[in-house]
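>>> return a 3D structure for these sequence lines:
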Amino acid sequence: MPRTEHLVGTRALLLAAARDEFAAHGMGGARVGRIAEQAGVSKERIYGYFGSKEKLFAAVISEALTEHATLLGPPSADLAEYAGRIYDLHRRDPHLLRLMMWEALYYDGGLPNEQPRTARYRDMVATLSAAFGSGSDTESDTESDTEAASTLLALIGLAILPTAFPQITRLILGTAADAPGGDDELRAHIVRLARRMVAPSSDALT
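Prediction:
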């Protein structure tokens with residue numbers, strides 16, 4: 001195997017092993033030795049590739065976010081269904097949510113790679129802002145952007161809460177969510193709620 005391909009393969013193995021470890025234990029509880037053992041390499045390789053456990057954690061989150069954004073795609077004309085897509089993606093793979101919850105606990109203030117992540121959200125807000133802005137001749141661009149940003153935050157919160165806090169879901173819904181078809185019913189309800197919330201912007205986009 002050419003050296004370049006070997007390096008790429010080793011890095012990918014390390015990131016995959018680290019994603020499982022960080023999702024399960026967070027930045028503080030994760031162990032470099034377990035990551036190296038799972039990837040089949042020495043601990044020194046981790047420091048050689050990433051420099052530190054913290055930088056490896058940042059690389060894992062960055063990779064997971066990029067995969068998530070690619071699978072999800074940009075907000076569509078049907079913003080309520082977009083909330084459903086967010087729900088689906090996190091239900092299929094809850095690792096990203098776990099990583100981001102650990103990230104929130106670990107960092108106090110700025111995040112690694114914060115600028116490109118902020119830019120990604122600004123692009124999403126711009127899509128919504130165009131819809132909100134088109135509905136009012138008197139609304140300023142700033143007001144439209146603020147409304148769009150708040151709506152995006154609410155959509156994401158609505159879609160991810162059942163996966164982020166399964167204990168709250170269980171306490172409120174009991175066994176209903178675990179019954180056959182319960183997940184589909186919850187998704188449908190989330191989409192209905194999202195549709196009411198974004199009705200003006202959805203009408204404008206369609």
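
>>> rest of the way, CA atoms for contacts and neighbours
Noted.

>>> please, which helix or strand holds the closest residue to residue 64 other than its chain neighbours?
Leaving out its chain neighbours, the residue that sits closest to residue 64 by Cα to Cα, 6 or more residues apart in numbering is residue 96, at 6.2 Å. Under the criterion of DSSP states H and E, residue 96 resides in helix 95-106.

>>> let me see the contact set for the residue nearest to residue 64.
Residues near residue 96 by Cα atoms under 8 Å, 6 or more residues apart in numbering: 23, 61, 64, 65, 68, 90.

>>> list the contacts of the nearest residue to the second one once chain neighbours are set aside.
Right, the one you point to is residue 61. Leaving aside its chain neighbours, residue 61 sits nearest to residue 99 (6.7 Å; criterion: Cα to Cα, 6+ apart). Taking Cα under 8 Å, 6+ apart, we find residue 99 in contact with 19, 22, 23, 26, 61.

>>> out of the residues you listed, which comes closest to residue 109?
residue 61 (16.4 Å; Cα to Cα).

>>> on the three-state scheme, that closest one is what?
What DSSP: H, G, I helix; E, B strand; the rest coil gives for residue 61 is helix.

>>> if we can go back for a sec, dump the contacts of residue 96 to JSON lines, plus secondary structure.
Below are those laid out as JSON lines (three-state DSSP):
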{"residue": "23", "secondary structure": "helix"}
{"residue": "61", "secondary structure": "helix"}
{"residue": "64", "secondary structure": "helix"}
{"residue": "65", "secondary structure": "helix"}
{"residue": "68", "secondary structure": "helix"}
{"residue": "90", "secondary structure": "helix"}
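
>>> okay if I get the residues you listed as JSON lines plus distance to residue 192?
Shown next, in JSON lines, are the contacts of residue 96 (distance: Cα to Cα, whole Å):
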{"residue": "23", "distance to residue 192": "31"}
{"residue": "61", "distance to residue 192": "31"}
{"residue": "64", "distance to residue 192": "28"}
{"residue": "65", "distance to residue 192": "26"}
{"residue": "68", "distance to residue 192": "23"}
{"residue": "90", "distance to residue 192": "18"}
